[in-house]
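K.L.:
Below are the sequence and a predicted model; questions follow.
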Amino acid sequence: MSIILDGTNGITSVTGAASLCTAGPAFSAYASSGTSLTGSSSTKILFQTTVFDTNSNYSSSRFTPTVAGYYQINCGFQAASSVDNQLYIYKNGSVFYQGQESTTAGSSLSSLVYCNGSTDYIEIYAYVGTTGTCATGATKTWFNGCLMRSA
Amino acid sequence: MALYEQITAIYPSLTQSDFHPNTGTIFLQNDSDGKGDYIKSWTNNNPQPTEAQLQATGK
(Lines give C-alpha, C1' and ligand atoms only; values in the text may rest on other atoms or scores of the structure.)
Protein backbone atom coordinates (compact mmCIF):
# COMPACT_ATOMS: atom_id res chain seq x y z
CA MET A 1 0.00 0.00 0.00
CA SER A 2 1.22 3.49 -0.70
CA ILE A 3 -0.18 6.88 0.16
CA ILE A 4 0.96 9.98 -1.74
CA LEU A 5 0.98 13.11 0.38
CA ASP A 6 0.85 16.42 -1.39
CA GLY A 7 2.12 19.45 0.51
CA THR A 8 -0.85 21.52 -0.63
CA ASN A 9 -3.74 19.09 -0.95
CA GLY A 10 -2.93 16.43 1.67
CA ILE A 11 -3.56 12.83 0.59
CA THR A 12 -3.75 12.80 -3.20
CA SER A 13 -3.35 9.14 -3.99
CA VAL A 14 -3.87 5.81 -2.26
CA THR A 15 -3.02 2.50 -3.88
CA GLY A 16 -3.27 -1.08 -2.70
CA ALA A 17 -5.89 -0.05 -0.22
CA ALA A 18 -6.06 -3.30 1.74
CA SER A 19 -6.50 -1.41 4.97
CA LEU A 20 -8.37 1.62 3.72
CA CYS A 21 -11.99 0.62 4.03
CA THR A 22 -13.78 3.60 2.59
CA ALA A 23 -16.79 1.51 1.62
CA GLY A 24 -16.73 -1.15 4.30
CA PRO A 25 -19.82 -2.01 6.30
CA ALA A 26 -20.65 0.23 9.23
CA PHE A 27 -23.66 0.24 11.49
CA SER A 28 -24.99 1.89 14.61
CA ALA A 29 -28.02 1.03 16.71
CA TYR A 30 -29.43 1.75 20.13
CA ALA A 31 -32.05 0.49 22.52
CA SER A 32 -35.33 2.33 22.16
CA SER A 33 -37.08 -0.15 24.41
CA GLY A 34 -35.48 -1.57 27.52
CA THR A 35 -34.40 -5.20 27.51
CA SER A 36 -35.41 -7.08 30.65
CA LEU A 37 -32.29 -8.43 32.32
CA THR A 38 -32.74 -11.38 34.66
CA GLY A 39 -30.51 -11.40 37.71
CA SER A 40 -27.69 -13.98 37.70
CA SER A 41 -28.15 -14.58 33.98
CA SER A 42 -26.55 -13.28 30.78
CA THR A 43 -29.11 -11.72 28.48
CA LYS A 44 -28.89 -10.63 24.87
CA ILE A 45 -29.42 -6.88 24.72
CA LEU A 46 -31.86 -5.67 22.11
CA PHE A 47 -30.97 -2.55 20.12
CA GLN A 48 -34.20 -1.89 18.25
CA THR A 49 -33.44 1.38 16.52
CA THR A 50 -30.92 1.54 13.69
CA VAL A 51 -29.12 4.84 13.23
CA PHE A 52 -27.30 3.72 10.10
CA ASP A 53 -26.49 0.43 8.44
CA THR A 54 -24.47 1.05 5.31
CA ASN A 55 -24.50 -2.49 4.00
CA SER A 56 -27.77 -3.87 5.40
CA ASN A 57 -25.83 -6.21 7.67
CA TYR A 58 -27.64 -5.39 10.91
CA SER A 59 -30.90 -7.07 11.86
CA SER A 60 -32.59 -8.29 15.05
CA SER A 61 -29.79 -6.89 17.23
CA ARG A 62 -27.29 -8.99 15.32
CA PHE A 63 -24.49 -7.81 13.04
CA THR A 64 -23.65 -10.27 10.24
CA PRO A 65 -21.18 -8.53 7.94
CA THR A 66 -21.04 -9.70 4.36
CA VAL A 67 -17.48 -8.46 3.85
CA ALA A 68 -14.70 -10.50 5.42
CA GLY A 69 -12.33 -8.59 7.65
CA TYR A 70 -11.48 -7.14 11.02
CA TYR A 71 -14.26 -5.18 12.66
CA GLN A 72 -14.11 -2.66 15.45
CA ILE A 73 -17.08 -3.51 17.66
CA ASN A 74 -18.26 -1.10 20.35
CA CYS A 75 -21.09 -1.39 22.83
CA GLY A 76 -22.33 0.15 26.02
CA PHE A 77 -25.32 -0.17 28.28
CA GLN A 78 -26.79 1.43 31.33
CA ALA A 79 -28.89 -0.38 33.88
CA ALA A 80 -31.72 1.30 35.71
CA SER A 81 -29.66 1.28 38.90
CA SER A 82 -26.23 0.31 40.13
CA VAL A 83 -25.86 -3.44 39.87
CA ASP A 84 -23.06 -5.92 39.45
CA ASN A 85 -22.77 -6.18 35.68
CA GLN A 86 -20.54 -7.30 32.88
CA LEU A 87 -20.81 -6.79 29.15
CA TYR A 88 -19.93 -9.38 26.51
CA ILE A 89 -19.27 -9.44 22.80
CA TYR A 90 -20.64 -12.72 21.48
CA LYS A 91 -19.45 -14.20 18.22
CA ASN A 92 -21.56 -16.96 16.71
CA GLY A 93 -23.50 -17.47 19.93
CA SER A 94 -20.58 -17.77 22.34
CA VAL A 95 -18.60 -15.36 24.50
CA PHE A 96 -15.78 -13.86 22.46
CA TYR A 97 -14.73 -10.89 24.63
CA GLN A 98 -15.82 -9.87 28.08
CA GLY A 99 -15.67 -6.45 29.59
CA GLN A 100 -14.52 -5.43 33.02
CA GLU A 101 -16.89 -6.35 35.80
CA SER A 102 -18.62 -3.25 37.07
CA THR A 103 -20.74 -2.42 40.07
CA THR A 104 -21.95 0.88 38.71
CA ALA A 105 -25.02 1.45 36.57
CA GLY A 106 -23.45 0.27 33.35
CA SER A 107 -20.36 -0.45 31.34
CA SER A 108 -18.91 -0.38 27.85
CA LEU A 109 -16.69 -2.63 25.77
CA SER A 110 -14.74 -2.35 22.53
CA SER A 111 -12.61 -4.80 20.64
CA LEU A 112 -11.55 -6.02 17.23
CA VAL A 113 -13.32 -9.09 15.90
CA TYR A 114 -12.58 -10.98 12.72
CA CYS A 115 -15.68 -11.92 10.71
CA ASN A 116 -15.58 -14.21 7.70
CA GLY A 117 -18.09 -12.20 5.70
CA SER A 118 -20.66 -14.97 5.48
CA THR A 119 -21.63 -16.93 8.60
CA ASP A 120 -19.97 -15.02 11.45
CA TYR A 121 -22.25 -12.79 13.48
CA ILE A 122 -21.90 -10.52 16.48
CA GLU A 123 -24.32 -9.94 19.35
CA ILE A 124 -24.09 -8.20 22.70
CA TYR A 125 -24.97 -9.81 26.03
CA ALA A 126 -24.92 -8.47 29.57
CA TYR A 127 -24.75 -10.24 32.90
CA VAL A 128 -26.42 -8.53 35.83
CA GLY A 129 -26.54 -9.61 39.44
CA THR A 130 -29.99 -8.21 40.05
CA THR A 131 -33.03 -8.25 37.78
CA GLY A 132 -33.65 -4.97 36.02
CA THR A 133 -34.07 -3.25 32.68
CA CYS A 134 -31.63 -1.57 30.33
CA ALA A 135 -31.90 2.16 30.05
CA THR A 136 -33.05 3.36 26.64
CA GLY A 137 -31.70 5.99 24.30
CA ALA A 138 -28.92 6.49 21.81
CA THR A 139 -26.51 7.77 24.45
CA LYS A 140 -27.16 5.03 26.99
CA THR A 141 -27.47 1.58 25.44
CA TRP A 142 -25.79 1.30 22.08
CA PHE A 143 -24.06 -1.07 19.67
CA ASN A 144 -22.00 -0.04 16.68
CA GLY A 145 -19.10 -1.14 14.55
CA CYS A 146 -17.31 -0.88 11.26
CA LEU A 147 -14.79 -2.64 9.06
CA MET A 148 -11.27 -1.57 10.00
CA ARG A 149 -9.30 -3.82 7.68
CA SER A 150 -10.45 -6.17 4.99
CA ALA A 151 -9.30 -9.78 5.09
CA MET B 1 -40.23 -17.32 38.04
CA ALA B 2 -36.54 -16.90 37.35
CA LEU B 3 -34.53 -19.99 36.62
CA TYR B 4 -32.00 -18.81 39.20
CA GLU B 5 -34.64 -19.00 41.91
CA GLN B 6 -35.74 -22.46 40.82
CA ILE B 7 -32.18 -23.76 40.97
CA THR B 8 -31.43 -22.21 44.34
CA ALA B 9 -34.67 -23.70 45.67
CA ILE B 10 -33.32 -27.13 44.77
CA TYR B 11 -29.80 -26.35 46.01
CA PRO B 12 -30.13 -23.77 48.82
CA SER B 13 -26.38 -23.77 49.43
CA LEU B 14 -25.74 -22.15 46.05
CA THR B 15 -24.99 -18.45 46.10
CA GLN B 16 -24.95 -15.77 43.44
CA SER B 17 -21.22 -16.30 42.96
CA ASP B 18 -21.98 -19.80 41.72
CA PHE B 19 -23.81 -18.16 38.82
CA HIS B 20 -21.32 -15.42 38.09
CA PRO B 21 -19.64 -15.79 34.68
CA ASN B 22 -16.20 -15.14 36.19
CA THR B 23 -16.40 -17.23 39.33
CA GLY B 24 -19.29 -19.60 38.94
CA THR B 25 -19.93 -23.06 37.63
CA ILE B 26 -23.50 -22.49 36.44
CA PHE B 27 -24.02 -20.24 33.44
CA LEU B 28 -27.56 -19.08 32.73
CA GLN B 29 -28.43 -17.33 29.49
CA ASN B 30 -31.40 -15.59 27.90
CA ASP B 31 -31.36 -14.94 24.15
CA SER B 32 -34.21 -12.40 24.37
CA ASP B 33 -36.21 -14.55 22.00
CA GLY B 34 -39.19 -14.98 24.31
CA LYS B 35 -38.09 -18.42 25.47
CA GLY B 36 -36.69 -17.20 28.78
CA ASP B 37 -33.61 -18.24 30.72
CA TYR B 38 -31.91 -21.55 30.15
CA ILE B 39 -28.84 -23.38 31.42
CA LYS B 40 -26.04 -22.63 28.97
CA SER B 41 -23.46 -24.67 30.85
CA TRP B 42 -23.31 -26.57 34.13
CA THR B 43 -20.03 -27.71 35.71
CA ASN B 44 -21.21 -27.54 39.31
CA ASN B 45 -20.59 -30.58 41.53
CA ASN B 46 -24.32 -30.93 42.08
CA PRO B 47 -26.12 -32.72 39.24
CA GLN B 48 -27.92 -30.51 36.77
CA PRO B 49 -31.60 -30.48 37.71
CA THR B 50 -34.13 -31.89 35.31
CA GLU B 51 -36.98 -29.87 33.89
CA ALA B 52 -39.34 -31.82 36.15
CA GLN B 53 -37.31 -30.89 39.21
CA LEU B 54 -37.32 -27.25 38.21
CA GLN B 55 -41.07 -27.23 37.69
CA ALA B 56 -41.63 -29.02 40.98
CA THR B 57 -40.15 -26.09 42.87
CA GLY B 58 -43.36 -24.21 42.17
CA LYS B 59 -41.38 -21.09 41.42
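P.N.:
Great, that's in hand.
K.L.:
Name all residues that make contact with residue B:45.
P.N.:
Going by C-beta atoms under 8 Å, 6 or more residues apart in numbering or on different chains, residue B:45 touches residue B:25. C-beta: built from backbone N, CA, C; applies to glycine.
K.L.:
So which residues on chain B come close to chain A?
P.N.:
Contact residues (C-beta under 8 Å from any C-beta of the partner chain) of chain B with chain A: B:2-4, B:16, B:19-22, B:27-33, B:37, B:40.
K.L.:
From those residues, list the buried ones, please.
P.N.:
Among these, those classed as buried by 16 or more other C-beta atoms under 10 Å in any protein chain shown are B:2-4, B:19-21, B:27-32, B:37, B:40.
K.L.:
Quick one: these as a markdown table, columns for secondary structure too.
P.N.:
Listed next are these as a markdown table, based on DSSP: H, G, I helix; E, B strand; the rest coil:
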| residue | secondary structure |
| --- | --- |
| B:2 | coil |
| B:3 | helix |
| B:4 | helix |
| B:19 | helix |
| B:20 | coil |
| B:21 | coil |
| B:27 | strand |
| B:28 | strand |
| B:29 | strand |
| B:30 | strand |
| B:31 | coil |
| B:32 | coil |
| B:37 | strand |
| B:40 | strand |
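K.L.:
After the lowest-mean-pLDDT helix or strand in chain A, heading C-terminal, what element do we hit next?
P.N.:
Counting by mean pLDDT, DSSP states H and E, the weakest-scoring helix or strand in chain A turns out to be strand A:10-15, with a mean of 62. Downstream of strand A:10-15, the next assigned helix or strand under DSSP states H and E is strand A:26-30.
K.L.:
Mind listing the strands that next one pairs with, and their directions?
P.N.:
Using DSSP bridges, the strands paired with strand A:26-30 are strand A:49-53 (antiparallel), strand A:142-150 (antiparallel).
K.L.:
which of these sits most buried?
P.N.:
strand A:142-150 (a mean of 20; mean count of other C-beta atoms under 10 Å in any protein chain shown).
K.L.:
for that one, what is the average pLDDT?
P.N.:
For strand A:142-150, mean pLDDT is 96.
K.L.:
can you pull out the helices in chain B?
P.N.:
Shown for chain B, the helices assigned by DSSP state H span residues B:3-10, B:51-56.
K.L.:
and those helices, which is most packed in?
P.N.:
Mean neighbour counts for those (mean count of other C-beta under 10 Å) peak at helix B:3-10, with a mean of 19.
K.L.:
So which residues lie in contact with stretch A:117-124, not counting its own?
P.N.:
A:44-45, A:47, A:61-69, A:71, A:73, A:75, A:77, A:87-93, A:96, A:113-115, A:143, A:145, A:151.
K.L.:
pLDDT value on residue A:81, please?
P.N.:
77.
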